[in-house]
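>>> Here is my input; please provide its structure:
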Amino acid sequence: METANITSFPQEILDLLFESLDYQDRLSLAQSNHYIGESFASFCKRELKDLELTECKTENDYLSRVLPICGSAVMSITAEDGSYPMLQILERYCTNVKSVVLKARSLWPFYFIPNMKSLTSVQLWMRRDEDDFLYPALQELPHLTNLHLLDFSEKNVHKVQRLVNLERLSLERGRKECPVDIMQICHFLKKLDYLFIECDEIFCGTYSQGSTCSALEEFELIVKKVTDLPFFPNLRKVFVLSDKSFNWIKWITKYTEKLESLYISNITDNIGLLDMLESCKVLHYLAIFIESTKLSNEYLTYLVDVARRKVGSLSLEVKTKEEVDNLKKRLADIPNSAICKVYKHSV
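Now for the predicted structure:
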């Protein structure tokens, strides 16, 4: 019987072999033969396409040896634990990185990020002493279209207007420093089609007159207080988790011609909600966070019927597991309730 030679193995088999070996054995095997070395380079390009950095010295030593071979294949870098080794190697060899996810526990990301000119997406966990470095660093990225900041500073939101090519912006977990003027974002970012903001308070400021924010199609908001919002003529998807003081039904009614997806909470005008849903033309997803104990079976019957006719489905969220069980029992006696899904609120 003829003995199989490892150099005759297809790439798929060699990939399985490399996966089964530790880092040192992989390198030793790759250095044993030119064909195996080329196969290992192909394996690394697939394995390291999405690169996750850790504090493991053995792994980092391994990466310092393979990135010069396949660094150009790295498309994303994640270092959520705050470990950022091999900066010079990353900058030199990972020349096609499109996305980074980093915790800014030191100032190094703001020296590192501007050198990664291929970046289109940046996600950063912020500290309180880094805002002065953040926006100048981001301005150095000519292709940046997606920005996600966690623990962001409301006082510095106006600086985001310098990033005029942004198409997606997420501002998560504001520091409760001051209200956010949403027009300091929307008036300047003409290409923005997705906006998520989580903070204490939002208002429309200086630029609200005559600003339409025409590119925005998706708007998600988690906020305690809203005084006013601009008009987004092409809005198609809305997610709102907010207080009861703002007239959300009146605001959302402006978009019923194009609205495709809606999540809404803390409704005070229950009849207005039914009327608004009746006027929707293309809505295909509807979720409502409700206080089920305050809604009669008669109202639930109307709500289910409108959802069946206008959407085809209905997701209902409540605060507790007990409410989930009770609402399911009530819905069992309501016609067409099979379209309903009931969940415990998780945000």
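>>> so residue 97 sits right up against residue 77, yeah?
Yes - with contact defined as CB atoms under 8 Å, residue 97 and residue 77 form a contacting pair (5.8 Å). Where C-beta positions appear, they are placed from N, C-alpha and C, glycine not excepted.
>>> joint contacts of these two?
Residues touching both residue 97 and residue 77 (CB atoms under 8 Å, 6 or more residues apart in numbering): residue 90.
>>> Now do the lowest-mean-pLDDT helix or strand in the chain: which elements does it pack against?
Sorting the helices and strands of the chain by mean pLDDT, DSSP states H and E puts helix 109-112 at the bottom, at a mean of 76. If contacts are counted by 3 or more CB pairs under 8 Å, 6 or more residues apart in numbering; DSSP states H and E, helix 109-112 sits against helix 87-93, helix 131-138.
>>> Residue 34 is nearest to which of the ones you listed?
With CB to CB as the measure, helix 87-93 is the member of the helices and strands packed on helix 109-112 nearest residue 34 (21.3 Å).
>>> Other residues contacting the helix or strand following the closest one?
For helix 87-93, the following helix or strand on the C-terminal side (DSSP states H and E) is strand 99-103. Here strand 99-103 makes contact (CB under 8 Å, 6+ apart) with 75-82, 84, 109, 113, 116, 119-125, 146.
>>> Got a quick ChimeraX command for the buried subset of those?
Buried subset of these, written as a ChimeraX selection, criterion 16 or more other CB atoms under 10 Å:
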select :76,77,79,84,109,113,116,119,120,121,122,123,124,125,146
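>>> Narrow the contacts of strand 99-103 to those in strands?
76-79, 121-125, 146 (DSSP state E).
>>> Now flag whichever of these is closest to residue 225.
residue 125 (25.3 Å).
>>> who's that closest one bridged to?
residue 103, residue 150 (DSSP bridges).
>>> wait, it sits on residue 151?
Yes - applying CB under 8 Å as the test, residue 125 and residue 151 come out as touching, 6.2 Å apart.
>>> Where does pLDDT dip in the stretch 201-347 of the chain?
Scanning the stretch 201-347 of the chain with the threshold set as pLDDT under 70 gives 207-212, 347.
>>> Do a quick rundown of the strands in it.
218-226, 237-241, 261-265, 285-289, 314-318, 340-344 (DSSP state E, counting those that start in this stretch).
>>> Just the helices from this protein, written as ranges.
Ranges of helices within the chain are 11-20, 23-30, 34-47, 57-70, 87-93, 109-112, 131-138, 183-186, 248-253, 270-278, 297-310, 321-331, based on DSSP state H.
>>> mind exporting the last one as PDB, just the C-alpha atoms?
Taking C-alpha atoms only, helix 321-331 is exported to PDB below (Å, rounded to 0.1, in the frame of the first residue of the first chain):
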ATOM      1  CA  LYS A 321     -41.800  37.100  33.700                       C
ATOM      2  CA  GLU A 322     -45.100  37.100  35.600                       C
ATOM      3  CA  GLU A 323     -46.500  39.700  33.100                       C
ATOM      4  CA  VAL A 324     -45.300  37.500  30.200                       C
ATOM      5  CA  ASP A 325     -47.300  34.500  31.600                       C
ATOM      6  CA  ASN A 326     -50.400  36.600  32.400                       C
ATOM      7  CA  LEU A 327     -50.400  38.300  29.000                       C
ATOM      8  CA  LYS A 328     -50.100  35.000  27.200                       C
ATOM      9  CA  LYS A 329     -53.100  33.700  29.100                       C
ATOM     10  CA  ARG A 330     -55.200  36.800  28.200                       C
ATOM     11  CA  LEU A 331     -54.100  36.600  24.500                       C
END
